[in-house]
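S.K.: Here's a sequence, model it:
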Amino acid sequence: MTAAAQPLDRRDSIDSAAVAFMLLLTFSWGMNGVAAKLATLGFNPIFLNVARSGIAAAVVFLWCFWRSVPLFNKDGTLWSGILAGLLFGGEFILVFMALEFTTVGRSSLLINTMPFWVLVGAHFWLGERMTILKFSGLVLAFCGVAVVFSDRLGGEGASTLFGDMLGLTAGFLWAVTTLVVKGSRLSAAGAEKVLLYQLVVSSLMAIPLVPLSGPAIRDVTPVAVGALLFQAVYVVAFTYILWFWLMRRYPAAGLSSFAFLSPAFSVICGWLVLDEPLTWKIFLALGLIGAGLSLVNRPQRKRADVTE
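M.R.: Numbering: from 1, shown residues only. Modelled structure (predicted):
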């Protein structure tokens, strides 16, 4: 799929095609959590991030070369692309750091405050009007995520405040990255180019941190290597391009609200692949998230013009 040299077809609301794509993306990102857990058995998390981004960048570059997608034309995206890459890299570094100081449940909950930041930022920066209905929908969906992790939120003796703040900041950087892509010249660039900016810059950011986080190679197995390739080739090189392609066409707040599904899908995928426990809470959570998404993405009624 290439977004280069194609006329933009911007939509004012989330339609059925966008819903279908976002269900695919969020389920894939839920599977990514399982793949990351399997991959970290063989590789250091920071090295894994560098390797995943490097492999994905090579795949995307080869795709662009094969499809003659322009990457080096002067389109005024350099500085915004570098900024997006720095934000993207900073987000993932903070995610890994947060897990050293807080629980997975608390970290996941705080990272998924991202749609709230996007809703506010899109209101003031992108002109996407924030309404009480949209905000209420986000709160309802967020409550669904809280239900998923309600039995995993407690700290383990030590204070989790520092890790919690890292997770919250990671969610904020995720939102700012989305707003930069949507509100700058990157919104008119090809999705492949937008992704390559972020992969290359974030990899360069993370390389110096690899020696500081333990041995890069732990116990390389076919499962760990397969999980790494699944993340790099499918999750990063394919689903991220699809995400940026959607970002060019649909409202940022509406698309971002679907991120609440990823933690729920991650729990379901953990049950399917890793035989982790699955309780009634996940179904309650999916109901709350679904109700919240319907409120956030309900089309607004347009006032009819009144003529005398």
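S.K.: tell me what the helix or strand Arg52 falls within is packed against?
M.R.: Element membership of Arg52 [criterion: DSSP states H and E] is helix 45-67. On a contact count with 3 or more C-beta pairs under 8 Å, 6 or more residues apart in numbering; DSSP states H and E, helix 45-67 meets helix 78-98, helix 191-206, helix 222-229. Bear in mind the C-beta positions are built from the backbone N, C-alpha and C, glycine included.
S.K.: I'd like those helices as CSV, with mean neighbour count appended.
M.R.: Formatted as CSV, the helices and strands packed on helix 45-67 follow (neighbours: other C-beta atoms under 10 Å):
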stretch, mean neighbour count
helix 78-98, 20
helix 191-206, 23
helix 222-229, 16
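S.K.: which one of these lies closest to Asn297?
M.R.: Among these, the nearest to Asn297 by C-beta to C-beta is helix 191-206 (21.5 Å).
S.K.: now could you export just the CA positions of stretch 171-186 as PDB?
M.R.: The C-alpha coordinates for stretch 171-186 follow below in PDB (Å, rounded to 0.1, in the frame of the first residue of the first chain):
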ATOM      1  CA  GLY A 171       1.400   8.200  26.700                       C
ATOM      2  CA  PHE A 172       1.700  12.000  26.300                       C
ATOM      3  CA  LEU A 173       4.600  11.600  23.800                       C
ATOM      4  CA  TRP A 174       2.500   9.000  21.800                       C
ATOM      5  CA  ALA A 175      -0.200  11.600  21.600                       C
ATOM      6  CA  VAL A 176       2.200  14.400  20.600                       C
ATOM      7  CA  THR A 177       3.700  12.200  17.900                       C
ATOM      8  CA  THR A 178       0.200  11.700  16.500                       C
ATOM      9  CA  LEU A 179      -0.600  15.400  16.500                       C
ATOM     10  CA  VAL A 180       2.800  16.300  14.900                       C
ATOM     11  CA  VAL A 181       2.100  13.800  12.100                       C
ATOM     12  CA  LYS A 182      -1.400  15.000  11.600                       C
ATOM     13  CA  GLY A 183      -0.800  18.800  12.000                       C
ATOM     14  CA  SER A 184       2.400  19.200  10.000                       C
ATOM     15  CA  ARG A 185       3.500  18.700   6.400                       C
ATOM     16  CA  LEU A 186       3.900  15.000   7.300                       C
END
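S.K.: which stretches of the stretch 101-250 of the chain form helices?
M.R.: For the stretch 101-250 of the chain, the helices defined by DSSP state H, counting those that start in this stretch cover 104-111, 114-121, 132-148, 161-183, 191-206, 222-229, 240-247.
S.K.: what would the ones you listed look like in CSV with mean pLDDT and distance to Asp75?
M.R.: Converted to CSV, those look like this (pLDDT from 0 to 100; distance: least, C-beta to C-beta, whole Å):
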stretch, mean pLDDT, distance to Asp75
helix 104-111, 73, 31
helix 114-121, 88, 23
helix 132-148, 85, 32
helix 161-183, 88, 14
helix 191-206, 91, 8
helix 222-229, 92, 32
helix 240-247, 90, 15
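S.K.: Quick one: closest of these to Phe283.
M.R.: Nearest of the helices of the stretch 101-250 of the chain (C-beta to C-beta): helix 132-148, 9.7 Å.
S.K.: Show me which positions of that closest one end up buried.
M.R.: 134-135, 137-138, 140-148 (16 or more other C-beta atoms under 10 Å).
S.K.: circling back: and of the helices and strands packed on helix 45-67, who's closest to Arg10?
M.R.: Arg10 lies closest to helix 191-206 among the helices and strands packed on helix 45-67, at 14.5 Å (C-beta to C-beta).
S.K.: Let's see the closest one as PDB, backbone CA atoms only.
M.R.: What follows is helix 191-206, C-alpha atoms only, in PDB (Å, rounded to 0.1, in the frame of the first residue of the first chain):
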ATOM      1  CA  ALA A 191       2.900   6.900   4.900                       C
ATOM      2  CA  GLU A 192       6.100   5.000   4.100                       C
ATOM      3  CA  LYS A 193       8.200   8.200   4.500                       C
ATOM      4  CA  VAL A 194       6.500   9.100   7.700                       C
ATOM      5  CA  LEU A 195       7.300   5.700   9.200                       C
ATOM      6  CA  LEU A 196      10.900   5.700   8.000                       C
ATOM      7  CA  TYR A 197      11.500   9.100   9.700                       C
ATOM      8  CA  GLN A 198      10.400   7.500  13.000                       C
ATOM      9  CA  LEU A 199      12.200   4.200  12.600                       C
ATOM     10  CA  VAL A 200      15.600   5.700  11.700                       C
ATOM     11  CA  VAL A 201      15.600   8.500  14.300                       C
ATOM     12  CA  SER A 202      14.400   6.200  17.100                       C
ATOM     13  CA  SER A 203      16.900   3.500  16.300                       C
ATOM     14  CA  LEU A 204      19.800   6.100  16.400                       C
ATOM     15  CA  MET A 205      18.400   7.300  19.800                       C
ATOM     16  CA  ALA A 206      18.300   3.800  21.300                       C
END
